[in-house]
Every structure is written in C-alpha cells, then in structure tokens.
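Trainee: here is a sequence together with a model predicted from it:
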Amino acid sequence: QVQLVESGGGLVQAGGSLRLSCAASGSIFNIKAMGWYRQAPGKQRELVARIILGGSTNYADSVKGRFTISRDNAKNTVYLQMNSLKPEDTAIYYCQLTQGLGWNIFWGQGTQVTVSS
C-alpha cells in the first residue's frame, strides 16, 4: 500500500506564502505523476498543480504565476510553494500520486489552508 503524508498547511494573511510538502512511502514504484488538488466548502475537488514523469508540469489557471510545484525524486516528495495567497485559495489541499501500469491513484488525508483577508 501507499501512504501520503502532507504537511505545511495553516492560516496565513492574504499576500502571504505557504509551502506544502507531501511525502510518499510504502509500495512506491513506477510513479507516473504527483500533484496537488484542493476542495473548498461546497465545491468540487479541483486540480491545482501536477508534475508528471519527465518533469513537465500543469497548473490551474487560477494559480499560474503564484504557485510552483516541484519534486524530490530521491525522497518521493512533492512540494507546492504558494505565494501571493488569496482568500479564494482557502481549501483543503490533497496530495495525489499516480503509479504503475494501471495508473493507480492514491490520496493523502488533506491539509487545511486558510487565507484571511
């Protein structure tokens, strides 16, 4: 099984920064992608940023230029640097890992990010 442990969430004022981390452990092999999703109250979970095999990245339009995703392959860890945070960034942020020939998906437990105005 795969375990994903997120950290780095918290409360920050608008304009501030936070750095999320997600460490993967367990039966890790043939990682296809790692990424971050978020879910605000009353809304569907949405992609924030993802880094796929080879290092290419995808970002939601709403975070482009403010958030940066990176990965430490040796540590099976993915990071999300969030700058210029806005109140609308408030959500639970979930780490996702995709691996294997079956593109199996695993989720972390989520970490709360709250941005005050």
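Mentor: It's in.

Trainee: verify the stated contact: residue 115 with residue 82.
Mentor: No - using C-beta atoms under 8 Å, residue 115 is not in contact with residue 82; the gap is 9.1 Å. Any C-beta I mention is one placed from the backbone N, CA and C, and that applies to glycine too.

Trainee: between these two, which contacts overlap?
Mentor: Applying C-beta atoms under 8 Å, 6 or more residues apart in numbering, one finds that residue 115 and residue 82 are jointly contacted by residue 89.

Trainee: look at these two and report which has more neighbours.
Mentor: residue 82 (27 against 20; other C-beta atoms under 10 Å).

Trainee: contact partners for that one?
Mentor: 17, 18, 19, 20, 63, 66, 67, 89, 113.

Trainee: how close does it sit to residue 62?
Mentor: In this view, residue 82 and residue 62 are 12 Å apart by C-beta to C-beta, to the nearest Å.

Trainee: do residue 11 as well
Mentor: With C-beta to C-beta as the criterion, residue 11 and residue 62 are 20 Å apart.
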